[in-house]
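Undergrad: give me a model of this one.
(chains A and B)
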Amino acid sequence: GENVEQHPSTLSVQEGDSAVIKCTYSDSASNYFPWYKQELGKRPQLIIDIRSNVGEKKDQRIAVTLNKTAKHFSLHITETQPEDSAVYFCAAPQRSNNAGNMLTFGGGTRLMVKP
Amino acid sequence: GAGVSQSPRYKVAKRGQDVALRCDPISGHVSLFWYQQALGQGPEFLTYFQNEAQLDKSGLPSDRFFAERPEGSVSTLKIQRTQQEDSAVYLCASSGLSGGALGKLFFGSGTQLSVL
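TA: Presented below is the predicted three-dimensional model:
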């Protein structure tokens, strides 16, 4: 099955700086990579995802990059704001022969944005 | 409803007690997942339904855990003879099987289970 490693486990940045979170995966056939944001006591919410046919995807201040050769993908948040403070999880398909519905999650990164 | 609904939001159980956790997915979503999230950890897969069929239950930690979705909509996760190690947040998620929803999981707010 898929193994997803995420780092760093905690990240503290100053408001306005950029934050980068990285994940590696083990199954070279994986084709779908979402990122979820979970605020304290709340549900995980999808913030951005990327499929393996593209190398980068942007949505306003967030972007995800994918390196299929190295089997890693990264979340980039620019111009961070205090409301970006949360735990972020990357994920990859649990088995390569599905359509990406079953996910294996990384261990999470706690991002703290200091005003 | 607009999103995935779970109940109860909090459950305190005495060790050995049976509990039942309910999930009401987004209307029309055929895929339903249960995840377990320990404090400070990422969600861990428990089981997966497509409509009423339980296609994967490889993540259920023991035979004390049982899940069902008899009519292909609402699902119940049952834990028998709860143990302290069962304490966690149990998350339900649903997903569509076509179009833009493919692959995207929509989570409920979870049930926080505390076993004393």
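
Undergrad: start to end distance for stretch A:1-14?
TA: Counting by CA to CA, to the nearest Å, you get 37 Å between the two ends of stretch A:1-14.

Undergrad: correction: the previous question concerned stretch B:2-21.
TA: 20 Å.

Undergrad: then stretch B:38-57?
TA: This stretch, stretch B:38-57, spans 19 Å end to end (CA to CA).

Undergrad: next, the buried residues of that stretch.
TA: For stretch B:38-57, burial by neighbour count (16 or more other CB atoms under 10 Å in any protein chain shown) applies to B:Q41, B:G42, B:P43, B:E44, B:F45, B:L46, B:T47, B:Y48, B:F49, B:Q50, B:Q54, B:D56. Quick note: C-beta positions are derived from backbone N, CA and C, even for glycine.

Undergrad: residues in contact with it?
TA: With contacts defined as CB atoms under 8 Å, 6 or more residues apart in numbering or on different chains, stretch B:38-57 is touched by A:6, A:44, A:89, A:94, A:101-108, B:30-37, B:58-61, B:65, B:67-72, B:75, B:77, B:88-91, B:97.

Undergrad: filter these to the buried ones?
TA: A:6, A:44, A:89, A:94, A:101-108, B:30-37, B:59-60, B:65, B:67, B:69, B:75, B:77, B:88-91.

Undergrad: of those, which belong to helices?
TA: Among those, the subset assigned to helices under DSSP state H is empty.

Undergrad: residue contacts, residue 83?
TA: Let's take chain A. Shown in contact with A:E83 (CB under 8 Å, 6+ apart): A:V113.

Undergrad: let me rephrase: I mean chain B.
TA: B:Q83 neighbours (CB under 8 Å, 6+ apart): B:R15, B:R64, B:V115.

Undergrad: can you check A:P115 too?
TA: A:E15, A:P82.

Undergrad: same thing with A:K37?
TA: A:K37 touches A:P44, A:Q45, A:I47, A:A86, A:V87, A:Y88, A:F89, counting by CB under 8 Å, 6+ apart.

Undergrad: mind running it again at 7 Å?
TA: By CB atoms under 7 Å, 6 or more residues apart in numbering or on different chains, the residues touching A:K37 are A:Q45, A:I47, A:A86, A:Y88.
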